[in-house]
Structure formats: C-alpha cells, structure tokens
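Participant: have a look; sequence and predicted model below, questions after that.
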Amino acid sequence: MSQTQAVFAGAGLKTKLSVDHVSMVFERDGKRTEVLNDINLEVGDGEFVCLLGPSGCGKSTLLNTMAGFLSPTGGAIKVDGETIRKPDPRRIFVFQERGVFPWLTVEGNIGFGLSKLPRAEREQRVAHYVKMVGLEGFEKTYPQELSGGMKQRVEVARALAVNPDMLLLDEPFGALDSITRLIMRGELLRIWEAERKTIIFVTHDIDEAVQLADRVVVMSARPATIQQIVKIDIPHPRDISSPRYLELRDGIFQQIGLAHKL
Amino acid sequence: MNALSQPARWERFFWPIVATGLLLALWYYSVRWSGTKVFPSPREVEKGMAELLRHHVLWRDIVDSLRRVAFGFGAAATIGIPLGLILGWYPAANQVVNPVMQILRPISPIAWIPVAIIFFGVGDDAAIFLIFLGAFFPIVVACINGVANVPSVYRRAGRNFGLTPPQLLARVLFPAALPQILVGLRIALGIAWLVVVAAEMIAVESGLGFLVIDSRNSGKRYDLVVAAILIIGLIGLILDVAFRGLEKLRSVRWGFRFES
Amino acid sequence: MQDEHAARMNLRLLWRPLAFIAVLLVLWEIGIRRQSSHLLPGPWGVVGGLADLVQHGLLLKYVVASLFRVTWGFALAVVLAIPLGLAIGWNRRAEMALNPILQILRPISPLAWIPIAILWFGVGDLAAIFLIFVGCFFPLMLTAINAVQSIPAVYINAGRNFGLGSARLVYRVLYPAVVPNLLVGLRITLGIAWLVVVAAEMIAVSSGLGFLIVDARNAGNRYDLVVAGMLIIGIIGLLLDAGMRSLEKVKSFRWGYSED
C-alpha cells in the first residue's frame, strides 16, 4: 500500500477535509520546536480516520489545527474547499471526559450548543441524544456523580446534538478502564454507522485504531510526519481474532518497530 | 489521620462541650483568683448580655452594623465581580491595573478614615466606604484568579460551539470560576465584618463596634464589653456559616471538596 | 539576540502600568485643583509631605516603630499558634473540641479587643503588640490545622509503611508536607498583621505610621502627611508581601506548587 495512494480519500468519497503541506513550529522562551513536518492528507466525507502514534508525537496538535484552535505555521487545512481559521460548531472536538461542564446537568451539557433553538425542539433533541448514548434516567444528574465512561458519553452526545459535519476525538477513551474502553468503542461505531459523520480519532492504541478506522494514519515521533497510511478493509463488525485483523495490526506493529513478544 | 480510631457521632458534641466548659471554668477561676475588680467573670458577662437584650439597644446596634456591611459589601461585589472577571479575561488589562491594586491593597481601610471623612463626613457613608474598600480587593483578586484558573478545555469547548466572547464569559468562564468567586466573597464578607466593627469604633456612633468602645468609656462596663465582643464573634460566625451553605448548591458543589 | 528580545519585552511590560499610574496621577491633580476646599493634597503635595517627614527624621522612626510591633506580634503568634495548630489538626478529637471556640473568636476584629488590651497592658507598645498577636493567632492556628488535615493520606500511610514511629512521622512526613500551605498562610497573616498594626496605632499608641495618620490630621489638618503616610503603608505592605512570596519560591519549599 503506497503512501501517495492512501493519502487521498477512499474511492467514491467526496473529500471533506484536506491537509496541505501543513507544518507546525512552536516557539517558547526562544526555543523552536518543530512539531509537525509537511503533513499531507485527505479525509473523505463520512470516513472514519485514526491518527495513530506515540504520546507527544504531535497528533493532538494536528487535530487541534484541524479543529481551528491552532493555526499551522505552514500550509493550510481546508474543509469543503475553504481554509479554516477558527473553531466552528460544524467541527466539534471531543476532549477526554474532562471537557464536560461540571456546573451543568447531563441535560444542560447536551443542550449546550442548542441555545438558539426553540425550547420544545431543544428538549426533543436532548432527549433523543440522551437515549442514543444510553443515559436515560440520568438527565438531571451532575457530572460529579457520573463515572468516567458516562461522562464521556455525555460529551459525545453534546457533540452530536449540534449535528456537526465532523467529529474530532482526542484520545477520548484514554482515561477509561480497558473494559469500558471496549464498550465505548462499540458505542462509537454504532453511532457512526447511524449518523455517518466524518470522524477523525486520535489514539496511541494500535488495537483501537485497527478496530475502529477505515484508514489508520501512522505518525512518526516528533517532528511528526506521516509514516504510513493503512487502509483497513475489514467490514464492520470486525472480528478481532480474524487473520486479516491480526495481519493488519501486526503490519502496523512492525511499521512502528515494536516487537511481538513481551 | 490520627493514631486513634474514628470518633463516634456523639463525640462531635461531647468534646466541644467539654472544651468550652473547661475554658469557662478556667476563665471563672482566673477572675476569682486574680481578684480583679474590673474584668468580668462569665456570670457577669451573661448578665450583661441579658441587660443589653432587655434594653433593646442591642438589636438596633446589630441592625446598624449589618446594614453597613450589606451596603459596603454589596457595592464591592457589584463593582468588583465584573471588574475582576474582565481583568481575569484580559491579562493585558490586568497587567496595567495590577500595580496600582498591589499598592492600595495593603493599606488598612482604617487608615482611609481621614480621607473618608473628607469625602463623606462623619457617619454611615464613611463607614460604608471603608467596608467597600476592605471587601473590594479580595473580591477582585478572587475573580481574577477564578477566571485564570478555568481549565483551557472549557474555553476551547465554548469556542468550539460558536460562542462569542461575551457569551463565553457569561456561559462558561463565570460558572467555571464561580466556586472560587464564592470563596473570595465569603472571605471578603468576613473582612467586611471586621472592618465594620473597627470603623464603628472610630468614625460612627452606633453599631456593635461603637457598643464596645462606649461600654468602656461610659462607665468601664467591661461586662458589656466582653458581651459585645462575644456577640460580634457569634454574628460573624453565622454570616460565615450561611455563606458556606451557598457552596453546597448543586451547580457549584463540584468545585468544593466536602467531607462525606 | 534572545536577551535583546527579552529586554524589549520587559520594557514593554513596564510602560503600560506606568502610563496608567501616570494617567491616574494627572486625574488626581486635576481633581484637586478644581476643589475649593484645599484640604486634600494632590500628588505634588504628597511628595512634599514625604520630604517633610524625611527631613524631620519622622519617617524612619515611625516605619521602624510599626515594623517593630508587627515583628513581635507576628513572631509571638507564629511561635504559639503553629505548633498548637499542627498538634490540634493531627488529633481529630482535639479539633472537634476546640473548633467551635475558634470559630467564634475568629470573626472578632482585633480592634474590638482594644478595651481589654488597654485594661491589661495600658496604652502603649505592649497593647499594640497584643492586638497584632490576637489578629494573627487565630488565622495562623486555623491555617496550621487546615494544613495538617490536607495532607494526603497516602503520605501518612507511606510513612507508616516504612516503619516510622509517631515522632519521626511528624518530623519526616508531617512537617515537610505542611510547609507549602503554612507559607501561604504566613504570608496572608503577615498582611493581616500589617493592617492591624496601622489600625491599632490609630487608637492605642503614640508613634508609628497609623499614629502619623491620625496625628497629622488632628494636629493641623496636614492631609498631605496623611496621604503620604497611606502611601508608605501601601508600599511597605507590598514589600512585606513580596518578601514572603519570594520565600515561597525558594526551591526547597517549592514542592507544594507542582500544579503551577
């Protein structure tokens, strides 16, 4: 699978987001740190793409530039052909569960982006998404009383409620225990298949990437470049014991240079 | 935390009663033993309090002191909170104003009395001005710190949902900073209570502070002095406890650690 | 190249607050000139007042007097309240027992203790020191109690795990763990001490910066000296606070601030 081929979106998909020669240099106290180096990528509409790499490699930085929180020092990021300059409700960023507002109930959080709607419609939408993430009965609960997994669901519901074009998730399941993580991955896929949003998902977990994504973008350590883009051609639901899954996963293991035996 | 086992529930009442009882006994016996004619014993203070209550003077003084605190503190909060929020939001503005605040803040409100008297004359307004000064700086500082400490995730999430800066301030920064703002308000209220008593000892002729000074000056009634002092403590405590009750409200509870 | 950049940054940081102060001073001057009563001084008047004080050797004398009282009162309070507070915080029952008493005594303005101070110590230095002591004692005690109670249980457990007996536990775990909190409490209480000394000197003694303020006004309406005194009070208070902050920054105390 050559790199240039996989840079472009899967066949038949309209390009939603394109990353053109993006580089990112941070200056702090006079020190220059090159974080991203000439990143090129196209993401198709409705595609599920994972950015995979070790901690600190710059994948979160890339995600933040895609969301518009940061401006790249070189190159540009375009969504639907337009260069993005600032954050926008059409591209909602999902932080780890600490992004949930602690002073609002579950309902309050999910309805946060819906203030412009008339009340009846807002309530209806909130109820819909409460149900979708499986939090019925907790509408009036405060985040303080929820588990990590539940808070994460609130955040996903909040993101979906405003009907964005894209979801950008930054290691959203990182703070959860591994059992909850497996459950949440299933939930996310279920929601994605129902609503078919474009999803860009940052993770450092190889299994997670191969389980979820249509394409896995393997990034090198800082300054980050795209080492390889792997197309995962297994249809959902994916059998994580199937030979093809293991083959793809091991391929990435090798690409990163990790050993098979512990 | 300590070497012994967890205390039982009844002990929450038992030990304070024991300690207070011991303290009162200590007080009583040291008055007896020193043979002082002036310093009151607990008994005398109790009678003094009854006397104050009977003569209805006490209630008027309490109301006067509380009224001044209400106005001074209210003014300090009304001006201080928005100002603090803005200064916390725009660090550049804070940089400009901060040195001036740092010089004014350590000046005891009491030191402002001559200036206050020039502006407001002797009376209520001067006292309210002093209380305002005492409460203003802690409130502003608490707001600045509150806003500065809001985790950047909340700011980013707010921007992500398309909020304009004023909306961001009102719907994200203010609620996120509210626990810290409440703590600042509570501390400022405590300071206001201290200042009102001091101000009343010098610049006005009513209120609990005045009661303390007056009881001594007109007749060396130290029993009334001590009675007044204890009442001051009690009301200050009630104000503090009432304010802490606010911290338990569900939409700010998250910002505080409560013992289960 | 980097140093030049840094130097330019610092200069730029400095001129804005300075400009702000300059604007305030100009407004002040204009405001004074438009007033007909000629009581309050403008900025130049204050400078003149300062020069006056220096000339008569009063400035240094009063500053030293105030600092002297603060030092004694504060030091006494530290020496008594901190160990006591640490011990009480360590023992849950002791804290239960004494908490109500502390909570009633704490909100009482130190100035309300003046009649008692004068009764016990007469008018003079000792009374002022006593007032400062009272003003510092309760906050320091509460700081110490709070500091002990905030020690994460993991530290205590780890200490016990390594076989530390009670005494060594105190020395090797308790003390280092509370130092950061104590330092902050000390700084805040020092600020309180500075407020109290000024107020105390306005009432109970005949030297010091607080006395300067009342005296300058009473003996001839020298408001230029009044405001000059206020300015000095502010500056010294600021220096005291800055001094304590730099103590907090000393590397060996810094572990409490890793979340900077």
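Facilitator: That came through fine.

Participant: show me where chain C has helices.
Facilitator: C:2-34, C:43-55, C:58-90, C:92-105, C:114-121, C:125-149, C:153-161, C:166-169, C:175-203, C:209-218, C:223-249 (DSSP state H).

Participant: same list, the ones you listed, but as a markdown table with mean pLDDT and mean neighbour count please.
Facilitator: C-betas here are computed from N, CA, C, even on glycine. Shown next, in a markdown table, are these (pLDDT from 0 to 100; neighbours: other CB atoms under 10 Å in any protein chain shown):
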| stretch | mean pLDDT | mean neighbour count |
| --- | --- | --- |
| helix C:2-34 | 76 | 12 |
| helix C:43-55 | 86 | 16 |
| helix C:58-90 | 92 | 19 |
| helix C:92-105 | 88 | 18 |
| helix C:114-121 | 88 | 20 |
| helix C:125-149 | 91 | 23 |
| helix C:153-161 | 79 | 13 |
| helix C:166-169 | 73 | 13 |
| helix C:175-203 | 87 | 23 |
| helix C:209-218 | 88 | 23 |
| helix C:223-249 | 89 | 19 |
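
Participant: burial measure for the nearest residue to residue A:219 once chain neighbours are set aside, as a count.
Facilitator: Among residues not flanking residue A:219 along the chain, residue A:53 sits closest, at 3.6 Å (CB to CB, 6 or more residues apart in numbering or on different chains). Here the count is done by other CB atoms under 10 Å in any protein chain shown, and residue A:53 has 25 residues near it.

Participant: so which strand or helix has residue A:17?
Facilitator: strand A:15-28 (DSSP states H and E).

Participant: in that strand, what's buried?
Facilitator: By neighbour count on 16 or more other CB atoms under 10 Å in any protein chain shown, the buried set for strand A:15-28 is A:15, A:16, A:17, A:18, A:19, A:20, A:22, A:23, A:24.

Participant: among those residues, which one lies nearest to chain C?
Facilitator: Nearest to chain C among the buried residues of strand A:15-28, counting by CB to the nearest CB, is residue A:24 at 21.5 Å.

Participant: ok, the nearest residue to residue C:212 once chain neighbours are set aside - contacts?
Facilitator: Once flanking residues are discounted, residue C:212 sits nearest to residue C:229: 4.5 Å by CB to CB, 6+ apart. Counting by CB atoms under 8 Å, 6 or more residues apart in numbering or on different chains, residue C:229 touches B:111, C:53, C:62, C:209, C:212, C:213, C:216.

Participant: I'd like to know how far residue B:75 sits from residue B:156.
Facilitator: 35 Å (CB to CB, to the nearest Å).

Participant: and the two? Which one has more around it.
Facilitator: Neighbours per residue (other CB under 10 Å) separate residue B:75 from residue B:156, with residue B:156 holding more: 19 against 16.

Participant: so that one touches residue A:94, yeah?
Facilitator: No - shown here, residue B:156 and residue A:94 do not form a contact pair, counting by CB atoms under 8 Å, at 11.3 Å.

Participant: quick check, pLDDT for residue 82.
Facilitator: Since no chain was named, I'll use chain A. For residue A:82, the pLDDT comes out at 88.

Participant: switch to chain B, please.
Facilitator: We have a pLDDT of 92 for residue B:82.

Participant: neighbours around it, how many?
Facilitator: Count around residue B:82 with other CB under 10 Å applied: 14.

Participant: which residues touch residue A:20?
Facilitator: A:40, A:75, A:76, A:77, A:78.

Participant: check contacts around the fourth one.
Facilitator: The contact partners of residue A:77, by CB under 8 Å, 6+ apart, come to A:17, A:18, A:19, A:20, A:22, A:65, A:66, A:83, A:84.

Participant: bridged to the first one, which residues?
Facilitator: Beta-bridge pairing of residue A:17, defined through DSSP bridges, involves residue A:43, residue A:79.

Participant: any idea how far it is from residue A:200?
Facilitator: Applying CB to CB, the value for residue A:17 to residue A:200 is 8 Å.

Participant: can you list residues touching both of these two?
Facilitator: Counting by CB under 8 Å, 6+ apart, the common neighbours of residue A:17 and residue A:200 are A:43, A:66, A:166.

Participant: confidence score at the first one?
Facilitator: Okay, so that is residue A:43. Value for residue A:43, per-residue pLDDT: 92.

Participant: buried subset of the shared contacts of residue A:17 and residue A:200?
Facilitator: A:43, A:66, A:166.

Participant: mind putting the residues you listed into a markdown table with distance to residue B:91?
Facilitator: Converted to a markdown table, those look like this (distance: CB to CB, whole Å):
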| residue | distance to residue B:91 |
| --- | --- |
| A:43 | 36 |
| A:66 | 27 |
| A:166 | 32 |
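
Participant: what is the nearest of the residues you listed to residue A:33?
Facilitator: residue A:66 (19.5 Å; CB to CB).
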